[in-house]
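Trainee: This is the structure alone, sequence omitted:
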């Protein structure tokens, strides 16, 4: 990908002013949830792999075109209510 993944996501987020986000550094993006709209989504990108955190749960994605597409779809689906994600904890 020629353009940074986070830059691509921010380009799309700017079309939705109701979604708040911040970029603490060049390799991290935080999309902020609300008490009524779920939890924060954090994306961390790196040369070897990328990770998405949905609150404390996370997924790892390789830096391949197929895995990047899957990762972007997961973010889109979560943000726009196409999927719902529940976090379960054992023994806590």
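Mentor: Looks like it arrived, so ask away. Computed from a predicted structure; not experimentally measured. Numbers count the residues shown, from 1 in each chain.

Trainee: in the longest helix along the chain, what's buried?
Mentor: Using DSSP state H, we find that the single longest helix of the chain is helix 65-79. Buried residues in helix 65-79, counted by 16 or more other C-beta atoms under 10 Å: 68, 71-72, 74-75, 78-79. Any C-beta I mention is one placed from the backbone N, CA and C, and that applies to glycine too.

Trainee: And it, how far out from the chain middle?
Mentor: For helix 65-79, the separation from the chain centroid amounts to 8 Å (computed by C-alpha atoms, centre = their mean, to the nearest Å).

Trainee: try stretch 4-20
Mentor: Centre-to-centre, stretch 4-20 and its host chain are 11 Å apart (C-alpha atoms, centre = their mean).

Trainee: One more: stretch 58-65?
Mentor: When C-alpha coordinates are averaged (C-alpha atoms, centre = their mean), stretch 58-65 and its chain have centres 11 Å apart.

Trainee: average pLDDT for that stretch?
Mentor: For stretch 58-65, mean pLDDT rounds to 92.

Trainee: For it, buried residues please.
Mentor: Within stretch 58-65, the residues that count as buried by 16+ other C-beta under 10 Å are residue 61.

Trainee: for the longest helix of the chain, packing partners?
Mentor: For helix 65-79, the packing partners by 3 or more C-beta pairs under 8 Å, 6 or more residues apart in numbering; DSSP states H and E come out as helix 5-13, strand 41-45, strand 49-54, strand 57-62.
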